[in-house]
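Undergrad: Fold the stuff below for me.
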Amino acid sequence: MRVLLIEDYEPLARSVAQGMREAGYAVDAAGDGEDGLARAQAGGYDAIVLDLMVPKLDGLSLLARLRRDGSHIPVLILTARDGVADRVAGLDLGADDYLVKPFAFAELLARLRALIRRRYRAPDAVIRVADLEVDVAARCVRRAGRAVTLSAREFALLEYLAHRRGQIVTRAEIWEHVYDFAAEPSSNVFDVYIGYLRRKVDDGHPRKLLRTHRGLGYSLDVSS
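TA: Predicted structure coming up:
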């Protein structure tokens with residue numbers, strides 16, 4: 001899942017971005033509000049982590065612009081402002097959650113997972129597709145009760161497909177939400193990872209869940 005981090009304090013931005021990447025997120029970072037707004041408006045993000053006190057365009061103004069433009073991307077405000085008025089202002093402008101600095105990184109990740117679950121209407125941390133279970137909190141996968149060992153990139157791909165279960169997901173959408181923008185969508189690396197995932201998830205099972213739709217994309221099957 002792709003997250004936009006808008007934070008001007010570089011040491012914190014580096015630390016948070018690295019921690020989120022280690023947790024399996026694709027992360028883009030912006031150091032000011034104007035850059036953050038431009039990136040957010042370009043779309044493709046599953047959540048935004050927003051500091052209120054960023055230069056050029058403050059966080060509340062950025063948030064107001066996003067919501068006025070019709071963006072529904074979940075926004076988690078991350079800030080040193082801990083006053084009730086600040087929290088109310090942020091939430092009233094359309095923020096989905098609010099976390100005050102200093103914070104526990106585990107709580108930030110838990111709040112991000114909750115926002116993304118709501119975005120994709122997943123009721124809990126375990127996404128079930130037939131006999132496949134994808135636990136996005138524990139970052140583990142089981143098929144027919146047996147553990148499936150995946151690399152970080154394989155898990156990220158499966159997590160996105162699981163959130164979009166029953167829908168055809170295009171290659172462009174997968175690259176946008178899962179992998180770095182620097183990667184080329186035409187690269188055969190994409191096909192390699194689809195192949196890895198298909199072998200690990202479907203091989204040995206009579207029902208194949210990972211479907212290819214020629215010329216369209218891929219899906220995790222939910223039909224009976």
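Undergrad: mind listing the helices for the protein?
TA: Applying DSSP state H to the chain gives helices spanning 10-22, 33-42, 59-68, 84-92, 105-119, 152-163, 171-178, 188-202.
Undergrad: So for the third one, mean pLDDT?
TA: Helix 59-68 shows an average pLDDT of 93 in the prediction.
Undergrad: buried residues in it?
TA: Neighbour-count burial for helix 59-68, counted by 16 or more other Cβ atoms under 10 Å, picks out 59-60, 62-63, 65-66. (Each C-beta comes from the backbone N, C-alpha and C, glycine too.)
Undergrad: Quick check: which of the helices of the chain is nearest to residue 213?
TA: helix 171-178 (10.9 Å; Cβ to Cβ).
Undergrad: List of residues touching that closest one?
TA: Helix 171-178 is contacted from outside by 1-2, 26, 43-44, 46, 153, 156-157, 160-161, 183, 185, 190, 217-218, using Cβ atoms under 8 Å, 6 or more residues apart in numbering.
Undergrad: Please point out which parts of stretch 146-165 sit buried.
TA: So stretch 146-165, judged by 16+ other Cβ under 10 Å, has buried residues 148, 150, 153-165.
Undergrad: Out of these, which one has the lowest pLDDT?
TA: Pick the lowest pLDDT in the buried residues of stretch 146-165 and you get residue 153, at 84.
Undergrad: my read: that residue touches residue 194, true?
TA: No - using Cβ atoms under 8 Å, residue 153 makes no contact with residue 194, being 11.1 Å away.
Undergrad: Grab the most central residue of the chain for me.
TA: Centroid-nearest residue in the chain, with Cα atoms, centre = their mean: residue 1, separated by 2.6 Å.
Undergrad: What confidence value was assigned to that one?
TA: Per-residue pLDDT puts residue 1 at 86.
Undergrad: Just give me the neighbour total for the nearest residue to it once chain neighbours are set aside.
TA: Closest residue to residue 1 apart from its sequence neighbours, by Cβ to Cβ, 6 or more residues apart in numbering: residue 46 at 4.2 Å. Look at residue 46: counted by other Cβ atoms under 10 Å, it has 22 neighbours.
Undergrad: so what's residue 46 up against?
TA: Neighbouring residues of residue 46 by Cβ under 8 Å, 6+ apart: 1-3, 73-74, 116, 119, 177.
Undergrad: By neighbours, which of those wins?
TA: The residue in these with the most neighbours, by other Cβ under 10 Å, is residue 3 (25 neighbours).
Undergrad: So that one is in contact with residue 49, correct?
TA: Yes - if you go by Cβ under 8 Å, residue 3 and residue 49 touch, sitting 6.2 Å apart.
Undergrad: Residues that sit against both of these two, list them.
TA: Common neighbours of residue 3 and residue 49, using Cβ under 8 Å, 6+ apart, are residue 112.
Undergrad: What ranges in the protein fall below the confidence cut-off?
TA: Along the chain, the model assigns pLDDT under 70 to residues 179-188, 223-224.
Undergrad: closest to residue 202 among the buried residues of stretch 146-165?
TA: Nearest to residue 202 among those: residue 148, at 10.2 Å, using Cβ to Cβ.
Undergrad: For the closest one, which non-adjacent residue is spatially closest?
TA: Distances taken as Cβ to Cβ, 6+ apart place residue 141 nearest to residue 148, at 4.2 Å, with adjacent residues excluded.
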